[in-house]
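> for reference, the sequence and a predicted model appear below.
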Amino acid sequence: MLCEFSLPSQPEKKIRLKEATVSDAIDFSGIDPDCEEQATTVFLERVQERDTYSDPRLWTGEDRRFALFTYFVHTARDRSVPLKYTCGICDEEHTVDIELARIMDTYTPIQGKAFREFVHYGHNVIVHPMLGRDLELLETYRYDLRLTEEKLENDGLTASELRQLTEEVRMKRVRMGLFRVMCCIDLPFLDANATPESRRPQVEEYIKQLPAGVFGEFFQNVQEKLREMRHGLKSALIDGRIYLQIPDVRCENVPDAPGGVLHYPFRPFSIIPTL
């Protein structure tokens, strides 16, 4: 056994990991580098000890990132990572060595259960963190969006083609945003006999029929409940990508200045071994 940890969203759930083998690394090498969530699922399936196995598709995104980082902490040769950034205090470029333990110190287990509820039009809305299976699907949407955005870079587009592609990109971005909401909510009153997954088309149709102003309030409630369930390593969503946050990073030229937050672009393929 390499290490044992608790899932941030289920602190009572213990997971044991083993180190990946050369055979595993060969298989990981065959995964498209753009498919980070798919790779994360395959990796976490392979390196779990069987006696504590749990489907990583049903883990929250925070669970999955914490598992990857825990594996990294126990296999990395160095106890720190060098990060380069442009300082907001002196406007110069700095390189700072961030100790892995400092990142682990941002960890927090979830407080309470991994769901919350609020009342909307007299019905309970269930809010929960996004799960791995939905992150995999969101990744396919992001890939499709990127392909469409790349088409816009073609200098030979006609005005009509440019207008059509621009509209397509805009709609796909909206679709991704709506999908993020759909993945974090459930409305059991729509069909009490269905599962959350089979109920999702009904949930989407219900949301689409809401007045725009009502949806704004609805979305704020969802965001508030998600913040209540903060767990795992401290992170932020920037341009559709998750970054780990390192607080109180001081400027080396002005050490007395208040510390800032550094965003660490922690990517799964920087951890998952390949050949």
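In hand now; what should we look at?

> show me where the stretch 151-275 of the chain has strands.
Assigned by DSSP state E, counting those that start in this stretch, the strands in the stretch 151-275 of the chain fall at 185-186, 235-238, 241-249, 260-264.

> hey, which of those is tucked in deepest?
Each of those was scored by mean neighbour count; the highest is strand 185-186, a mean of 22, by mean count of other Cβ atoms under 10 Å. Backbone N, C-alpha and C define where each C-beta goes, glycine included.

> any idea how far that strand is from the chain center?
18 Å (Cα atoms, centre = their mean, to the nearest Å).

> now stretch 22-29
Per Cα atoms, centre = their mean, the centroid offset for stretch 22-29 relative to its chain is 24 Å.

> that one: which residues count as buried?
Going by neighbour count (16 or more other Cβ atoms under 10 Å), the buried part of stretch 22-29 is 24, 28.

> do the same with stretch 65-81
65-73, 81.

> where helices are concerned, which of the residues you listed count?
Per DSSP state H, helices hold the following members of the buried residues of stretch 65-81: 65-73.

> closest one of the buried residues of stretch 65-81 to residue 139?
When the buried residues of stretch 65-81 are compared for distance to residue 139 (Cβ to Cβ), residue 65 wins out at 14.2 Å.

> show the contacting residues for the closest one.
Shown in contact with residue 65 (Cβ atoms under 8 Å, 6 or more residues apart in numbering): 232-233, 235, 242, 244, 266.

> show me where the stretch 101-250 of the chain has its helices.
132-151, 159-182, 196-208, 212-228 (DSSP state H, counting those that start in this stretch).

> tell me which of the ones you listed sits nearest to residue 270.
helix 132-151 (16.8 Å).

> for that closest one, the averaged confidence score.
For helix 132-151, mean pLDDT is 93.

> repeat for stretch 7-15
On average, stretch 7-15 scores 97.

> show residues contacting that stretch.
4-6, 48, 52, 54, 59-60, 62-63, 66-67, 107-110, 114, 129, 229, 231-232.

> please save the CA atoms from it in PDB.
This file holds the C-alpha atoms of stretch 7-15, laid out as PDB (Å, rounded to 0.1, in the frame of the first residue of the first chain):
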ATOM      1  CA  LEU A   7     -12.600  11.100   0.700                       C
ATOM      2  CA  PRO A   8     -13.100  14.900   1.400                       C
ATOM      3  CA  SER A   9     -16.900  14.500   0.600                       C
ATOM      4  CA  GLN A  10     -17.200  11.400   2.700                       C
ATOM      5  CA  PRO A  11     -14.700  11.600   5.600                       C
ATOM      6  CA  GLU A  12     -15.800   8.200   6.900                       C
ATOM      7  CA  LYS A  13     -14.800   6.600   3.600                       C
ATOM      8  CA  LYS A  14     -11.200   5.300   3.600                       C
ATOM      9  CA  ILE A  15      -9.400   4.800   0.300                       C
END
